[in-house]
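Novice: Let me see the structure of the following:
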Amino acid sequence: MLRPLRILVALCWIALIGSAASAAETRPPNILLILTEDLSLRLGSYGDPVAKTPRLDRLAREGVRFTNAFATAPVCSPSRAALITGVYAQSIGSQHVRTSRAWDVPGKGKSFKYLAVPPPDVKAFPELLRRAGWFTTNHRKTDFQFGDPFTIWDVYDPDEMIHWRDAPKGVPFFAMINPEVTHEGMIWPPRNEEEAARRPRVTDTNAVTVPPFLADTPVTRLDLARHYDNLGRLDAQVGAILDALAADGLLDHTIVIFTADHGDGLPHAKRNPYDAGLRVPLIVRFPDGKDAGTVRTDLVSFIDMAPTILGLAGVDAPAWLRGQAFVGPKRAPARRFVYAAADRMEELPSFWRSVRDERFQYLVNHMPERPLFEKLKFRDLMPSMQELWRLHAAHALNPLQEGQFTAPRPREELYDVSADPDETKNLAADPSHSADLARLRAALAEFEAATPDLSPLGERALAERMWPGLVEPKTAAPVATRTATPAGVTLELFSPTPGASIGFRRAGDPPHRWRLYGGPIGVEASEEIEAKAVRYGWAESAVVHSGP
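Specialist: You can find the predicted model right below:
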């Protein structure tokens, strides 16, 4: 009598195990995006002999390495805004650095602040993942210039790095980790002995190669050596993150994406829309080893990150996204061009637009009357920038370096980056490249005709458009409606503010965590719900309570 029972129990367990295995197989993989700061192609896997990056090089061997990936801006906030929304920063008002402080006239007049207010339908892609049932986390940095809407993340923590462990069992996660160790400010000399002990010197200053636009002096070489030292610390951080994934048994069920928010934080690179400021490493590791060790040379733009990650997650990409998937089930044909923009940089005006194909970069400077280098408080803290100023005053720079201080500059620039990777020779006036110039002019004109650009308004008018009267608008509080049905009580939430996202919280939910409202929810007849709303770039609404 016992034997048939044992067989029945065994069959039940087999069925349960098979069902669990089937669910695990069909559940989409987790996605981890590691977005470091201020880094060009300075990895061993990209052929840099000075870089000591064993963990990142291993990641490249286990993944797909892209050699032509580009940020949409040569500075963090507009680049991050484009990445997270899938819309160009100049189209949503987040192109200036930073909206938190702007100037009527550089160095004069009244400063003011505002936030970018994207169109009502534009949402950060992690919020779209949340709508589809994903758990989303962010560590340390957002800097999207439309505030930090609470509806984007399940967990946003500037201190703790790893929060995928907070995801409910069986729920896929998207985690965004933002190491800051390679940021421009980390190249500056240590402020005290304690900081110096945390940042030991490793790289030989004689081993580095000084870019032609910088002065080859011991000070500049020390900056470059510190940059490589920071890169070594980044490599260790990435290794620790991957080790934590492996320890949790998740590495083989997580897609890992590594890139940087723009190019190097060094003078001439950061804030300028040349390859040095735009071209970034990009590695994608698939848990099943798909395409491991392959190298792709096709063009990738940061604007492509949102549709790519949504596609990997099995979430439909909304029509307003401007990019295209570069890996995964929704992968599109290779791009012909990538585009970039550079607008006001801190207190200095700027207005550049550029287009690049696999060989040439074409730039249009709408403020050619200004030199490339003017006094800029934050940049001037960099010792290698101070060297340029010192040697400029002493008339000791070579013509290429000195040209960064002179104006007017060419309105148009064209570079053959395959033959001239440092972009030292402007070919815009070269008759032998007139066809290339015409082709890229046409490509940029076509892009600009199809892409809203708010910069020609002027920033004061733009700010007034975002915040009329330069007063922060406030999102209207949600209105709650309870409906009794035979199946129970249904709660619906609505905010009168167009484009507002709504969050709600049940009794017992963790503090500071809000569920994302996506449609009618079932509640107990006696249950009280808290709710609030936010439109990107506006102040949050008041919290409302809906009870029996």
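
Novice: In three-state terms, how would the most centrally placed residue in the chain be classified?
Specialist: When the chain is reduced to its mean C-alpha position, the nearest residue by CA atoms, centre = their mean turns out to be Arg80, at 3.4 Å. Assigned by DSSP: H, G, I helix; E, B strand; the rest coil, the conformation of Arg80 is helix.

Novice: Need the nearest residue in space to it, chain neighbours excluded.
Specialist: Asp143 (5.1 Å; CB to CB, 6 or more residues apart in numbering). (Glycine included, C-beta is placed from N, CA and C.)

Novice: Isn't that neighbour up against Cys76?
Specialist: Yes. Contact criterion CB atoms under 8 Å: Asp143 and Cys76 qualify, at 5.7 Å.

Novice: These two: which is more packed in?
Specialist: Set Asp143 next to Cys76 and count neighbours by other CB atoms under 10 Å: Cys76 wins out with 24 against 19.

Novice: Might you report the residue contacts of that one?
Specialist: Glu37, Asp38, Val97, Asp143, Asp261, His262 (CB atoms under 8 Å, 6 or more residues apart in numbering).

Novice: just these now: which is nearest Thr203?
Specialist: Asp38 (16.5 Å; CB to CB).

Novice: mind checking how far that closest one is from Glu62?
Specialist: 25 Å (CB to CB, to the nearest Å).

Novice: Pick out whichever of these two has more residues nearby.
Specialist: Higher neighbour count among Asp38 and Glu62: Asp38, with 28 against 17, using other CB under 10 Å.

Novice: Met186 versus that one, what's the distance?
Specialist: 8 Å.

Novice: same question, Phe150
Specialist: 30 Å.

Novice: Sketch out the low-pLDDT regions of the stretch 1-150 of the chain for me.
Specialist: Low-confidence segments of the stretch 1-150 of the chain (pLDDT under 70): 1-25, 105-108.

Novice: Please repeat the previous calculation with a cut-off of 50.
Specialist: Applying pLDDT under 50 to the stretch 1-150 of the chain flags the ranges 1-24.

Novice: Pro118: how many residues sit nearby?
Specialist: Neighbours of Pro118 (other CB under 10 Å): 26.

Novice: Please read the previous query as pertaining to His545.
Specialist: His545: 9 neighbours (other CB under 10 Å).

Novice: go on, Asp380?
Specialist: 14.

Novice: ok, now the one 3 residues further on?
Specialist: By the other CB under 10 Å criterion, the neighbourhood of Pro383 contains 16 residues.

Novice: for Lys110, helix, strand, or coil?
Specialist: Quick answer, by three-state DSSP: Lys110 is strand.

Novice: what about it, distance to Trp103?
Specialist: 8 Å.

Novice: Mind checking which of those two has more residues around it?
Specialist: Under the criterion of other CB under 10 Å, the comparison of Lys110 against Trp103 puts Trp103 first, with 19 against 9.

Novice: Surely that one and Lys113 touch.
Specialist: No. Trp103 lies out of contact with Lys113 (CB under 8 Å); the separation is 10.6 Å.

Novice: Show me the helices in the stretch 401-548 of the chain, by range?
Specialist: Ranges of helices in the stretch 401-548 of the chain, per DSSP state H, counting those that start in this stretch, are 434-450, 459-466.

Novice: Quick check, pLDDT for Gly488.
Specialist: Per-residue confidence for Gly488 comes out at a pLDDT of 88.

Novice: and it, what are its bridge partners?
Specialist: Thr485 (DSSP bridges).

Novice: That one against Ser526, yeah?
Specialist: No. The pair Gly488 and Ser526 fails to qualify as a contact (CB under 8 Å) at a distance of 11.8 Å.

Novice: Name the residue in the two with the higher neighbour count.
Specialist: More neighbours surround Gly488 than the other of Gly488 and Ser526, with 11 against 8 (other CB under 10 Å).

Novice: Check the gap between the more buried one and Leu278 for me.
Specialist: Relative to Leu278, and taking CB to CB, Gly488 is found at 54 Å.

Novice: need the contact list for Ala463.
Specialist: With CB under 8 Å, 6+ apart, Ala463 has these contacts: Thr99, Ala102, Phe112, Tyr114, Leu470.

Novice: Ignore what I typed, I meant Leu224.
Specialist: Thr203, Thr205, Val208, Thr209, Val210, Leu266, Ser384.

Novice: same question, Pro496
Specialist: Pro496 neighbours (CB under 8 Å, 6+ apart): Ala476, Val479.

Novice: likewise Ile177?
Specialist: Ile177 neighbours (CB under 8 Å, 6+ apart): Leu32, Leu33, Ile34, Leu35, His139, Arg140, Met161, Ile241.

Novice: Assign a three-state SS to Gly185, would you?
Specialist: helix.

Novice: going forward can the numbers begin at 595, since that is how I track them
Specialist: New numbering, starting at 595: the last item is Gly779.

Novice: now it: how far from Phe767?
Specialist: 30 Å.

Novice: out of the two, which sits in the busier spot?
Specialist: Set Gly779 next to Phe767 and count neighbours by other CB under 10 Å: Phe767 wins out with 23 against 12.

Novice: Surely Ser1049 is in contact with Ala936?
Specialist: No. Counting by CB under 8 Å, Ala936 is not a contact partner of Ser1049; they are 10.2 Å apart.

Novice: Identify the contacts common to these two.
Specialist: Shared contacts of Ser1049 and Ala936, counting by CB under 8 Å, 6+ apart, come down to Phe945.

Novice: Of those two, which one has the most company?
Specialist: Using other CB under 10 Å as the criterion, Ser1049 and Ala936 rank with Ala936 on top: 26 against 20.
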